[in-house]
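Enquirer: Build me a model from this:
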Amino acid sequence: MIWTLAFRNIRSNVRRSIISILAIAVGLAVLIFSGTLRVGQYDTLVHSGVSQLAGHVVIQKEGFQENKEPSFILEDATLIRKKLQKTFPKSTITTRTYMGGLLSSTSNPTFLTITGVDPSAEALVSDMPTKLIEGEWLSDDSKDILIGRNTAEMLKVKLNDKLVFTISVDGEMNAQLFRVKGIFSTGSDEMDAFTGFVHYKATEQLLSQPNAAHQVAVHLPDVFDTDTAVAQTKTLISTPNTEVLSWKEALPDIINMIEVDKIANLLINFVLFSIVALGIVNTMLMSVLERLNQFGVLMSIGVKLKLLVRMIVYEGIILGIIGSLVGIVLGIIVSYPIVEYGLDLSNRVGDGIQIGGTVNSAILYGKYSPTLIGFYALFALVFSVLSTFYPAYKLSTLNPIEAMRHQ
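Expert: Now for the predicted structure:
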C-alpha cells in the first residue's frame with residue numbers, strides 16, 4: 001500500500017516529479033560525461049607511459065628509478081632479453097639505453113638526450129614511427145639517428161646530413177658519427193628539441209660495453225597479466241643489484257597524477273550532487289507541505305506515522321531510480337561523440353600534450369566504463385534517498401489535528 005501511495009503521489013504532480021527526475025538525470029549525465037572523458041585520458045596516459053617510458057614489466061639496475069644516472073647499466077641485457085623472450089613468446093621485449101651528450105653539425109652544437117632502441121621491437125609498442133614528418137624509421141644501421149624538428153632547425157641539417165654525438169664515459173670523451181635518417185614532430189617543443197633515437201648497438205659502441213642497456217622491458221598482450229608476469233620475471237632474473245618493476249612502480253609520477261586527479265574529481269562530483277540534492281530536498285519538502293491535510297486525514301484513520309515517513313522515502317527511491325535510468329541513457333548519448341570522434345584541442349595546445357614525461361595526442365578520446373557508470377548511478381540514487389530525510393523528519397513532527405486544519 002505504501003509503495004502504491006508513493007507512486008500515486010509522484011503521479012499527482014507530474015510537473016514537480018519531472019523537474020526532480022531531470023535534476024537527477026542531468027547531474028548524472030554530467031558525471032558520466034566527465035568520467036568517460038577522464039577514463040579515456042587515464043587510459044591514454046598510461047598507454048603512452050608504458051609504450052614510451054617503460055613496459056608492463058621493467059628490468060633495470062637498483063637505483064636507476066630514482067636517479068636515472070647513466071652509470072646504472074645492465075651488463076647482461078642481451079641474456080636477459082633472450083630469457084624473457086623465451087618465457088613470454090607472445091610479448092614484445094624492448095631494450096632501451098639513455099644518454100645525454102653534445103650533438104654537433106657543421107653549423108651548431110646542441111645538447112641532446114638520445115635513446116638507444118631496438119628498431120623492430122620499438123616500432124611495435126611506440127607510436128614514434130607515426131610522428132615522422134621526413135625520412136624513415138630506424139633501420140639496422142647503427143649510424144642512423146632520428147632527431148626532432150626543433151633540433152634539425154637548430155643544427156641547420158636535413159635528411160642524410162652528418163652529425164657527431166659526443167659523451168663522457170669514465171672521464172674520457174667518446175664520439176660517434178651519425179647520419180640523419182628521419183625527422184619527427186611530436187607536438188612537444190621540448191621533446192622535439194632535446195630528444196633523439198638511435199639503434200641500441202650505437203649506444204653500446206659509445207659506452208664501449210657490448211650487451212649493455214639501462215632497461216629491458218616486457219610489453220604484454222594483456223595488461224591484466226602484469227602481476228603474474230612480474231612474479232615470473234623475479235624468479236627468472238637472479239642478477240645481483242637488479243630490480244623487477246611493474247608498470248605502476250616504473251611510472252610513479254603518472255600514477256600519482258591520476259590518483260590526485262581522481263580525488264579532486266570526487267570532491268567536484270560530491271559538490272555537484274549536493275547541489276542537485278538541495279533541489280530535490282526543496283521539491284520533496286514542498287510536496288510534504290502541500291499534502292499536510294492528506295497526511296492528517298490518513299493519521300486520523302489509523303495510518304501510523306512511520307508508514308507515512310516511509311512513503312516519503314519510497315518516493316525518493318522511485319524518483320532516484322527513474323532519474324538514474326534516464327541519466328545513464330542521457331550520459332551515454334552525450335558522451336558518444338568524445339568516445340567515437342574525440343575532443344580536438346589542437347587549436348589550443350598544438351599537435352601534442354606533454355604530461356608526465358610522455359607526449360599525448362591533442363585529440364582527447366573518452367572511454368565508457370560500466371563500473372564507473374554504475375557507481376555514479378548508485379551515487380545519484382543514494383543522494384536522492386538522502387534528500388528525503390529532512391522532509392521525512394518534518395513529517396515525523398506533524399500533529400494530526402493541526403495537519404487536518406491545514407489548507
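Enquirer: okay, now S361: neighbour count?
Expert: Using other Cβ atoms under 10 Å, S361 is surrounded by 18 other residues. In short, each C-beta sits where N, CA and C put it, glycine included.
Enquirer: Also the one 5 residues further on?
Expert: Using other Cβ under 10 Å, G366 has 25 neighbouring residues.
Enquirer: Would you confirm that L28 contacts L378?
Expert: No. Contact criterion Cβ atoms under 8 Å: L28 and L378 do not qualify, at 10.3 Å.
Enquirer: Would you mind giving the domain segments of the protein?
Expert: 2-49+254-405, 55-247 (automatic domain parsing).
Enquirer: Do I have it right that K158 meets A152?
Expert: Yes. K158 lies in contact with A152 (Cβ under 8 Å); the separation is 6.9 Å.
Enquirer: ok, and what's touching stretch 247-261?
Expert: Residues outside stretch 247-261 that contact it (Cβ atoms under 8 Å, 6 or more residues apart in numbering): 38, 42, 45-46, 49-50, 53-58, 65, 223, 226, 355-358.
Enquirer: secondary structure element for V326?
Expert: Per DSSP states H and E: V326 is located in helix 305-340.
Enquirer: brain fart, N360
Expert: Using DSSP H and E, the element containing N360 is strand 358-361.
Enquirer: Partner strands of that strand, with direction?
Expert: Strand 358-361 has the following sheet partners, assigned by DSSP bridges: strand 352-355 (antiparallel).
Enquirer: From T203, how far off is F7?
Expert: Using Cβ to Cβ, to the nearest Å, one gets 73 Å for the distance from F7 to T203.
Enquirer: Could you do V303 as well?
Expert: From V303 over to T203 the distance is 84 Å, taken as Cβ to Cβ.
Enquirer: These two - which one has more neighbours?
Expert: The neighbour comparison of V303 against T203 (other Cβ under 10 Å) goes to T203, with 27 against 17.
Enquirer: does that one belong to a helix or a strand, and which?
Expert: With elements taken from DSSP H and E, the one containing T203 is helix 200-207.
Enquirer: pretty sure G323 contacts L28?
Expert: Yes. Here G323 reaches L28: they are 7.0 Å apart, a contact under Cβ under 8 Å.
Enquirer: Find the residues that touch each one of the two.
Expert: Here G323 and L28 have A380 as joint contacts, going by Cβ under 8 Å, 6+ apart.
Enquirer: ok, back up a step: who has more neighbours, K158 and A152?
Expert: Neighbour count, other Cβ under 10 Å: between K158 and A152, A152 has more, with 23 against 11.
Enquirer: How about that one: what's its closest non-neighbour residue?
Expert: I183 (5.0 Å; Cβ to Cβ, 6 or more residues apart in numbering).
Enquirer: likewise I114?
Expert: Excluding its sequence neighbours, the residue lying closest to I114 (Cβ to Cβ, 6+ apart) is G196, at 4.3 Å.
Enquirer: Quick check: which element contains that neighbour?
Expert: strand 195-199.
Enquirer: Need the pLDDT of the closest residue to L28 other than its chain neighbours.
Expert: Nearest in space to L28, with sequence neighbours left out and distances taken as Cβ to Cβ, 6+ apart, is G327 at 2.9 Å. With respect to pLDDT, G327 scores 92.
Enquirer: try I147
Expert: Confidence at I147, expressed as pLDDT, is 94.
Enquirer: Paired strands for the helix or strand that contains it, with orientation please.
Expert: In the assignment (DSSP H and E), I147 maps to strand 144-148. Sheet pairing of strand 144-148 (DSSP bridges) gives strand 172-184 (parallel), strand 195-199 (antiparallel).
Enquirer: most tightly surrounded among those strands?
Expert: Stretch with highest mean neighbour count among those: strand 195-199 (a mean of 23; mean count of other Cβ atoms under 10 Å).
Enquirer: ok now that one, how far from the chain's centre?
Expert: Here strand 195-199 is found 27 Å from its chain centre; the criterion is Cα atoms, centre = their mean, to the nearest Å.
Enquirer: ditto for stretch 51-70
Expert: Centroid displacement of stretch 51-70 relative to its chain, using Cα atoms, centre = their mean, is 21 Å.
Enquirer: And for stretch 180-198?
Expert: The chain centre lies 24 Å from the centre of stretch 180-198; the measure is Cα atoms, centre = their mean.
Enquirer: where exactly do the strands run in this protein?
Expert: Secondary structure of the chain (DSSP state E): strands at 57-61, 92-104, 109-117, 132-135, 144-148, 162-169, 172-184, 195-199, 215-219, 242-246, 343-344, 352-355, 358-361, 363-364.
Enquirer: Out of those strands, which is closest to N13?
Expert: N13 lies closest to strand 343-344 among the strands of the chain, at 39.4 Å (Cβ to Cβ).
Enquirer: The spatially closest residue to G279 that is not a sequence neighbour and T4: what is the separation?
Expert: Nearest non-adjacent residue to G279, counting by Cβ to Cβ, 6+ apart: A23, 4.9 Å away. Distance, A23 to T4, using Cβ to Cβ: 25 Å.
Enquirer: What is the burial count for the closest residue to K306 other than its chain neighbours?
Expert: What sits nearest to K306 in space, not counting adjacent residues and going by Cβ to Cβ, 6+ apart, is S396, at 8.0 Å. By the measure other Cβ under 10 Å, the count of residues near S396 is 12.
Enquirer: my guess is S396 contacts M311, does it?
Expert: No. Shown here, S396 and M311 do not form a contact pair, counting by Cβ under 8 Å, at 11.9 Å.
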